[in-house]
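[1] Requesting a structural model of the entry that follows:
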Amino acid sequence: MKTFCANTAAGSKPDFLRSPARGTEQAARLKNLLRRRKLSTVCEQARCPNLGNCFGSRTAAFMILGRTCTRQCRFCAVEKGVPQNPDPEEPFRLAETARELGLRHVVITSVTRDDLADRGAGQFARSIAAVKAALPQSTVEVLTPDLGGSRQLLAEVLSARPEVFNHNLETVPRLYESVRPGADYKRSLSLLEWAAQNSPSPVVKSGIMAGLGESKEEIASLMRDLVAAGCAVLTIGQYLAPSRKHWPVARYYEPWEYEELKALGEDLGLKQVFAGPLVRSSFHAGEVYADAAAVLKRQTLAQGDMSR
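    Numbering: from 1, shown residues only. Sure, this is the predicted structure:
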C-alpha cells in the first residue's frame with residue numbers, strides 16, 4: 001500500500017485541481033437570478049472551484065444570514081467583520097428561488113453569527129420550513145455553524161426536520177487553534193453527536209479539508225471520533241488557499257490518496273465517505289444524501305430481520 005507523506009511542502013497546483021470554466025451561459029443566468037432575489041451562495045463567497053459546474057447545472061448552496069462572518073478562520077474567503085441584521089424575508093426569497101430552479105435537494109448554509117442571541121438558528125428553521133412549503137417533494141440539507149454548542153438552538157433547527165444535518169469539523173484537533181480560532185473541536189463533535197441521537201432525520205454529515213498540515217493518523221483518529229458520535233457521512237476535499245494572506249497549503253493530495261481515505265473511513269465504520277480533490281461539503285449533495293439514505297435503510301432492514 002502506498003503511504004501518505006502529509007508534511008511534504010506544497011508546490012504548484014496540480015492539473016487535476018484545475019476547475020471547470022465558470023463563464024457558462026447557464027451559470028450567468030443563475031447568478032443574475034440570485035442577484036435579483038438578493039441571495040448569497042457559499043459557492044461564490046468561499047470561491048468554490050466547482051462553481052461553474054454547479055451553477056451550470058442549476059444547483060447552489062444558499063448562504064443565509066448575510067455575507068459577513070463573525071469568526072476569523074484562516075482558511076476561509078468569506079468576508080469578516082460586523083454583519084447586518086437578518087432579513088426576515090430571506091427564507092421566502094430562498095424558497096421561491098429553489099422552486100423556480102426546480103431543485104430536488106436544497107442546501108442551506110450560513111456565515112457564523114456569534115452576534116445573534118440565537119446564533120441564527122431561527123433563520124435556519126424558517127428557511128427549512130419555507131422550502132418545504134414551496135417544494136414539498138424536495139429534501140433539505142443544512143450546513144450549520146457550531147451554534148455556540150447550544151443543544152437548545154440545535155433542537156430548534158432540527159425541529160424543522162431537515163433530511164440532512166451537516167456541521168463541518170474542517171480539520172484535525174491539533175490545528176484548531178491556528179486555523180479555526182473561536183471554534184472548538186470537542187464542541188463541534190458534541191453537536192454532531194447530539195444531532196445523531198436526537199434528530200428525526202436519518203443522515204448526519206461532516207466534512208474536512210486535506211492539505212492543512214494534518215497526518216494520516218490524525219485523520220484516522222478524527223474518523224473514529226465521527227463514528228463514535230454517530231455521524232454517517234464524511235466529505236473530504238483538497239484545501240486551496242484563497243490568497244497569500246490565508247493559511248498556506250501544506251501539500252496537495254494525489255487522487256489515489258483520496259481513494260485510500262474513502263476506504264479507511266468506511267472500514268472504520270462511516271456509512272459513506274465522499275472524497276476527491278475537488279469535493280466540497282455541498283458538491284453533489286443530493287446524490288450523496290440519496291446514497292447514504294439507501295445504505296442506512298438497508299442497515300435498518302437488516303437489523304430488523306436479525307431481531308425476528
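[2] Quick one: the strands in the stretch 151-300 of the chain, in order.
    164-166, 203-210, 233-238, 272-275 (DSSP state E, counting those that start in this stretch).
[3] JSON lines for the ones you listed, including mean pLDDT, mean neighbour count and distance to residue 66?
    (Each C-beta comes from the backbone N, C-alpha and C, glycine too.) Formatted as JSON lines, those follow (pLDDT from 0 to 100; neighbours: other CB atoms under 10 Å; distance: least, CB to CB, whole Å):
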{"stretch": "strand 164-166", "mean pLDDT": "96", "mean neighbour count": "26", "distance to residue 66": "20"}
{"stretch": "strand 203-210", "mean pLDDT": "97", "mean neighbour count": "25", "distance to residue 66": "22"}
{"stretch": "strand 233-238", "mean pLDDT": "96", "mean neighbour count": "25", "distance to residue 66": "25"}
{"stretch": "strand 272-275", "mean pLDDT": "95", "mean neighbour count": "23", "distance to residue 66": "29"}
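[4] Ok, which of these comes nearest residue 221?
    Ranking those by proximity to residue 221 (CB to CB) places strand 203-210 first, at 11.8 Å.
[5] Using PDB, list the CA coordinates for that closest one.
    Extracted in PDB, the C-alpha atoms of strand 203-210 (Å, rounded to 0.1, in the frame of the first residue of the first chain):
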ATOM      1  CA  VAL A 203     -28.400  11.500   7.900                       C
ATOM      2  CA  VAL A 204     -25.800  13.300  10.000                       C
ATOM      3  CA  LYS A 205     -22.800  14.600   8.000                       C
ATOM      4  CA  SER A 206     -19.500  16.300   8.400                       C
ATOM      5  CA  GLY A 207     -16.600  17.400   6.200                       C
ATOM      6  CA  ILE A 208     -12.900  18.100   6.400                       C
ATOM      7  CA  MET A 209     -10.200  19.600   4.200                       C
ATOM      8  CA  ALA A 210      -7.000  17.800   3.300                       C
END
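[6] Just give me how far it sits from the chain centre.
    6 Å (CA atoms, centre = their mean, to the nearest Å).
[7] That strand versus strand 233-238: what angle between them?
    Between strand 203-210 and strand 233-238, the angle comes out at 20 degrees (axes from the mean of the first three to the mean of the last three CA atoms, to 10 degrees).
[8] want to throw the strands of the stretch 151-300 of the chain into CSV with distance to residue 86?
    As requested, those are exported to CSV (distance: least, CB to CB, whole Å):
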stretch, distance to residue 86
strand 164-166, 21
strand 203-210, 25
strand 233-238, 27
strand 272-275, 31
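[9] and residue 154, which of those is closest to it?
    Of those, nearest to residue 154 by CB to CB is strand 164-166, at 8.3 Å.
[10] Remind me what that closest one packs against, helices and strands.
    strand 139-143, strand 203-210 (3 or more CB pairs under 8 Å, 6 or more residues apart in numbering; DSSP states H and E).
[11] I'd like those strands as CSV, with distance to residue 231 appended.
    Below are the helices and strands packed on strand 164-166 laid out as CSV (distance: least, CB to CB, whole Å):
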stretch, distance to residue 231
strand 139-143, 13
strand 203-210, 5
